[in-house]
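# Fold the following and give me the result.
(one chain, ligands or ions: 1)
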Amino acid sequence: MTVRPGIAPLEAPTTIENADVTVVGGAGHVGIPLVLALAESGLRVNVNDINQESLEALKSGRLPFIEHGAESVLAKALAGKRLVFTDASEQISTGGPAIITIGTPIDEFLNPVRRVVQDCIDAMLPRLADGQLVVLRSTVFPGTTDWLASYLDAKGRKLKVAFCPERVVQGYGLKELRAMPQIVSGCTPEAERDAAKLFERITPEVVVVSPIEAEFAKLFSNAYRYIEFAATNEFYLVAKSAGVDYQRVLMAMKQNYPRLKSMPRPGFAAGPCLVKDTMQLSAFARNQFGLGHAALLINEGLVLHVVEDLKHRYDLADMTVGLLGMAFKAESDDTRASLSYKFKKVLIGQARAVLTTDPFVTTDPELLPLDEVIARSDILILCAPHAVYARADFKGKPVFDVWGDLEGANVVR
Ligand SMILES: NC(=O)c1ccc[n+]([C@@H]2O[C@H](COP(=O)([O-])OP(=O)(O)OC[C@H]3O[C@@H](n4cnc5c(N)ncnc54)[C@H](O)[C@@H]3O)[C@@H](O)[C@H]2O)c1
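Okay, here's the model as predicted:
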């Protein structure tokens, strides 16, 4: 059952002594919606993060990145004194559960950096009290949760360990947390029970499985999505090689046909999670994950295909190319692992110049206003299909659009 009494103001401000729950990595993309949902459920939350800039933004009521619908909830949580911000591991609450939402990257060999979880726990350990619940929420390599329980056990620590993966779509985390089932797992019945109780406060339904099942559930979900994008991207390439407009085929396939309702359109699929998690799975499968690797070849290769196609059609060396949308997906300000930057890298040296623009991204000093990019470019590529581009006047210049968003004689598919 979901308890949502609203964010009633507290008499005394939240401190690390009286906080009900700690979110480590609480100023990140996964951390912020979780922090706000927990505060909204009536809890006092310790927001722990090493990123001072993001903490300062939150303290002043600003979100460090786009999270739809979160600003008013943050304002209420701050006014209600429900949040305490800390930036070091020795400043975490010893009271309630500690939820870990830090980044879990892959390295140059496309293998998970397992050390990050251990380093994070090692730093927290002196503050954690026996009996406390530790929830891993970051996406982890299969077996990490049970490993963590054994690791803590070997150190003589009696902590409850759970894994409750985050599955929300970036930018809409708060909204989805309130509506989507939460997968919960624990290394002991007590850990499982406590974790379920915690998430029942914020989500309508919990689904309880074992830690390894939950770890696979998360990785399979992301890898499956990545493979879906690859399937439609490959169909696009096949149709195109036959001189057929794939958008028309897609329309015919999907029209009132329920089994293909969720089939994505073609486009540049990457971002901070899909590739990384597909590769984590591959590393677990000792690289015997054919579909995952095929998806990587197709999705990453789509950028190279577009560049090759442009080279056949135009004298690129004599042209300025404008890249529209540098975020990794539409209506987002997140540039992490965005294929738009792969475009930029590949085109520099092949085109006379490469110009970039994005209405949401605030972290790239090389971005130019849209009008200027259109005016100075000879050809444009729709990289991230922000809605604003569907209404833009490209002054008759050719625009390469694999997404099928744009109409007009100047649009190249
Ligand atoms: N972004 C998504 O939509 C999404 C969705 C589901 C799952 N995930 C997973 O969630 C995890 C976090 O992803 P994210 O996108 O929120 O990353 P992020 O980089 O936006 O956030 C991670 C935060 O953790 C902080 N941090 C790192 N090490 C720390 C430490 N030792 N102590 C305190 N804070 C620390 C960082 O400063 C950052 O603010 C990853 O495992 C990711 O795969 C992400």
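
# now the strands for this protein?
In the chain, the strands defined using DSSP state E lie at 21-24, 45-48, 83-86, 98-100, 133-136, 160-163, 182-186, 206-208, 320-324, 353-357, 379-382, 399-400, 411-412.

# Centre of the chain to the third one, how far?
Translated: strand 83-86. When C-alpha coordinates are averaged (C-alpha atoms, centre = their mean, to the nearest Å), strand 83-86 and its chain have centres 23 Å apart.

# That strand: partners in the sheet, and parallel or antiparallel?
Strand pairing for strand 83-86, determined by DSSP bridges: strand 45-48 (parallel).

# Now for the residue in the stretch 201-350 of the chain that the ligand sits nearest to: which residues touch it?
In the stretch 201-350 of the chain, no residue comes nearer to the ligand than residue 273, which is 4.8 Å away by C-beta to the nearest ligand atom. C-beta: built from backbone N, CA, C; applies to glycine. By C-beta atoms under 8 Å, 6 or more residues apart in numbering, residue 273 lies in contact with 139, 170, 222.

# still on that earlier bit, save the strands of the chain as a markdown table, and put in distance to the ligand too.
Shown next, in a markdown table, are these (distance: least, C-beta to the nearest ligand atom, whole Å):
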| stretch | distance to the ligand |
| --- | --- |
| strand 21-24 | 5 |
| strand 45-48 | 5 |
| strand 83-86 | 9 |
| strand 98-100 | 8 |
| strand 133-136 | 9 |
| strand 160-163 | 11 |
| strand 182-186 | 12 |
| strand 206-208 | 16 |
| strand 320-324 | 23 |
| strand 353-357 | 22 |
| strand 379-382 | 23 |
| strand 399-400 | 28 |
| strand 411-412 | 31 |
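
# Can you flag the weakest of those by average pLDDT?
Sorting the strands of the chain by mean pLDDT places strand 411-412 lowest, at a mean of 93.

# Could you rank the contacts of residue 273 by neighbour count and give me the top one?
residue 139 (23 neighbours; other C-beta atoms under 10 Å).

# Not counting sequence-adjacent ones, nearest residue to the residue of the chain at minimum distance from the ligand?
Closest contact between the chain and the ligand, by C-beta to the nearest ligand atom, is at residue 28 (1.9 Å). Excluding the flanking residues, the one nearest residue 28 by C-beta to C-beta, 6 or more residues apart in numbering is residue 101, at 5.9 Å.

# For that neighbour, give its distance to residue 137.
5 Å (C-beta to C-beta, to the nearest Å).

# Neighbour count for those two, which is higher?
Neighbours were counted for residue 101 and for residue 137 using other C-beta under 10 Å; residue 101 has more, 25 against 22.

# And the more buried one, how far from residue 93?
15 Å.

# need the contact list for the residue most central in space within the chain.
In the chain, the residue lying closest to the centroid (C-alpha atoms, centre = their mean) is residue 170, at 4.8 Å. For residue 170, the contact set (C-beta under 8 Å, 6+ apart) comprises 29, 271, 272, 273, 329, 332, 334.

# Any chance of these in CSV with pLDDT and distance to residue 161 as columns?
Converted to CSV, the contacts of residue 170 look like this (pLDDT from 0 to 100; distance: C-beta to C-beta, whole Å):
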residue, pLDDT, distance to residue 161
29, 97, 23
271, 91, 29
272, 92, 25
273, 96, 23
329, 97, 33
332, 97, 33
334, 97, 30
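
# Show me these that map onto helices.
271, 272, 273 (DSSP state H).

# Tell me the confidence at residue 95?
At residue 95, pLDDT is 84.

# If we look just around the ligand, which residues of this structure are in range?
Counting by C-beta under 6 Å from any ligand atom, the positions of the chain adjacent to the ligand are 24-25, 27-31, 48-51, 54, 101-104, 120, 138-139, 166, 168, 170, 272-273.

# What is the burial count for the closest residue to residue 221 other than its chain neighbours?
Take residue 221 and drop its neighbours on the chain: the residue closest to it by C-beta to C-beta, 6+ apart is residue 167, 6.3 Å away. Close neighbours of residue 167, defined as other C-beta under 10 Å, add up to 17.

# quick one, phi/psi of residue 167?
phi -130, psi 10 (degrees, to the nearest 10).
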